[in-house]
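Chemist: Build me a model from this:
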Amino acid sequence: MVNAPPSFSSLVDVASHLRDKLDEKKYILLFAYNGTGKTRLSMAFKDIGKDGDARDTLYFNAYTEDLFYWDNDLANDNKRVLKLNLASRFFDGLQALEMENRIAPLLLRYADYNFVIDYELGEVTFYRERDGEGNPIAIKVSRGEENILMWCFFLAVAQLAIDQEEGSPYVWVKYIYIDDPISSLDDNNVISVASHLAQLLQKEQNKIKTVISTHHALFFNVMWNSLNERKNNPLHPYFLNADKGAGVYSLKYTNDTPFFHHVALVAQLNEAASSGNLFTYHFNILRSILEKSASFHGFSNFSACIRQETDDPEGVLHARLINVLSHGNYSLFEPVEMLEENKKYFRKILKDFMENYRFNPELFPEIIMEVVKV
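Modeler: The predicted structure follows:
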């Protein structure tokens, strides 16, 4: 019988657990789907370390990205700049720290554009060419290129914290928390970002403990392989799950191999089907698993992974059912229990899938592996 993962009644409790785990580990790697609460967890972790003006966590998440915003010069359609929210302490002392010189070599790893920072106005101008007078010709970069600059900005700050240079303003950093730094990046850049981040965190002088959370399987696996030093086992990988119906969170340890998160999700769906606690958002999870399975096996549509019946040879009924019930914001954010008829369809689709694509029964608790009845 497999032990059930520990459960928590709030993200604050999860954050406290992660801090306790960092007393014995140097890194925590966290996989969770969007909508689970990764960003809120990073803020809960940060807030625990606040005491008045004192703090202990340097973080990168969606809030960090919000410190940068575009001024597209709608009046003149000429000077497009990325604005910095100078009210944030994140940008304190930029000019004294010579941030341009620190960011530029990092940016060269990923991008082919240049930039200049106007520290007084709090503006970043992107350019590839200069005019006849040597002034940058401002350009609007893509979302991915913009995110790369934000990421390199953070990396430069993190490097200051890790290096602990004399007079560094980041001596207070005890933890680094990074949440999904690879949005809008292609797979090549995802691998580059993960490998570079691992190199930075593994610097000999680094004494800072780090949490990294992501919904991106490739990023998770590259980070796992890069940080996992079997000699001293500094890494603890988790799968974070939110049961919105019960209002609880769980952390499942993903053992000593890169985590194939779909296995945990299949177990969760089968347990829900067995217990009858099925909500409409479970169709979202089922669709995601079917889509990934179809892609892996070379099919263009998830319906290929739905067992075809003699009275429905194309699997149209079940495919349409999944299409309808896996859409809509209510599925993720306002848990609604399935109708009994839909529960029957859900159980059948899941049962057929698990029979067609055999899973190792040792990975599941015996009670979960019991055949669900339609």
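
Chemist: use CA for all of it now, contacts and neighbours both
Modeler: OK.

Chemist: separation between the residue nearest to the spatial centre of the chain and Y59?
Modeler: Centroid-nearest residue in the chain: T214, 2.1 Å away (criterion: C-alpha atoms, centre = their mean). Taking C-alpha to C-alpha, to the nearest Å as the measure, T214 falls 14 Å from Y59.

Chemist: intersection of neighbour lists for the two?
Modeler: Here T214 and Y59 have D179 as joint contacts, going by C-alpha atoms under 8 Å, 6 or more residues apart in numbering.

Chemist: ok, back up a step: phi first, then psi, for the residue nearest to the centre of the chain.
Modeler: Main-chain torsions, T214, degrees, to the nearest 10: phi -160, psi 160.

Chemist: Can you verify my assumption that it contacts N221?
Modeler: No. Counting by C-alpha atoms under 8 Å, T214 sits too far from N221 to count as a contact (10.4 Å).

Chemist: any common contacting residues for these two?
Modeler: Counting by C-alpha under 8 Å, 6+ apart, T214 and N221 have no shared contacts at all.

Chemist: Below-threshold pLDDT in the stretch 1-150 of the chain: ranges please.
Modeler: By pLDDT under 70, the low-scoring segments of the stretch 1-150 of the chain are 1-5.

Chemist: try the stretch 151-300 of the chain
Modeler: Within the stretch 151-300 of the chain, the ranges that satisfy pLDDT under 70 run 183-188, 229-231, 255-264, 295-296.

Chemist: any idea what the nearest residue to A111 once chain neighbours are set aside is structurally, helix, strand or coil?
Modeler: Of all residues not flanking A111 in the chain, E145 sits nearest, at 7.0 Å (C-alpha to C-alpha, 6 or more residues apart in numbering). Here E145 is helix, with the state taken from DSSP: H, G, I helix; E, B strand; the rest coil.

Chemist: Tell me, how many residues neighbour E145?
Modeler: Using other C-alpha atoms under 10 Å, E145 has 18 neighbouring residues.

Chemist: so it sits right up against R109, yeah?
Modeler: No. Assessed by C-alpha under 8 Å, E145 is found out of contact with R109, at 12.0 Å.

Chemist: which non-adjacent residue is nearest the residue nearest to the centre of the chain?
Modeler: Nearest one to T214, counting by C-alpha to C-alpha, 6+ apart, is D180 at 4.7 Å.

Chemist: Ramachandran coordinates for that neighbour?
Modeler: Backbone torsions of D180, given as degrees, to the nearest 10, read phi 50, psi 70.

Chemist: separation between the nearest residue to N228 once chain neighbours are set aside and L265?
Modeler: Among residues not flanking N228 along the chain, L235 sits closest, at 5.9 Å (C-alpha to C-alpha, 6+ apart). As defined by C-alpha to C-alpha, L235 lies at a distance of 22 Å from L265.

Chemist: of those two, who's got more company?
Modeler: L235 (21 against 18).

Chemist: list the contacts for the more buried one?
Modeler: If you count contacts by C-alpha under 8 Å, 6+ apart, L235 has them with 25-29, 224, 227-229.

Chemist: again, only using 7 Å
Modeler: 25-28, 227-228 (C-alpha atoms under 7 Å, 6 or more residues apart in numbering).

Chemist: got it, and K46?
Modeler: T57.

Chemist: Shouldn't it be within a strand?
Modeler: No. Under three-state DSSP, K46 sits outside any strand and is assigned helix.

Chemist: Now do the helices in this protein.
Modeler: 11-21, 38-48, 62-65, 99-107, 143-163, 187-201, 217-227, 261-275, 281-296, 316-325, 330-333, 340-356 (DSSP state H).
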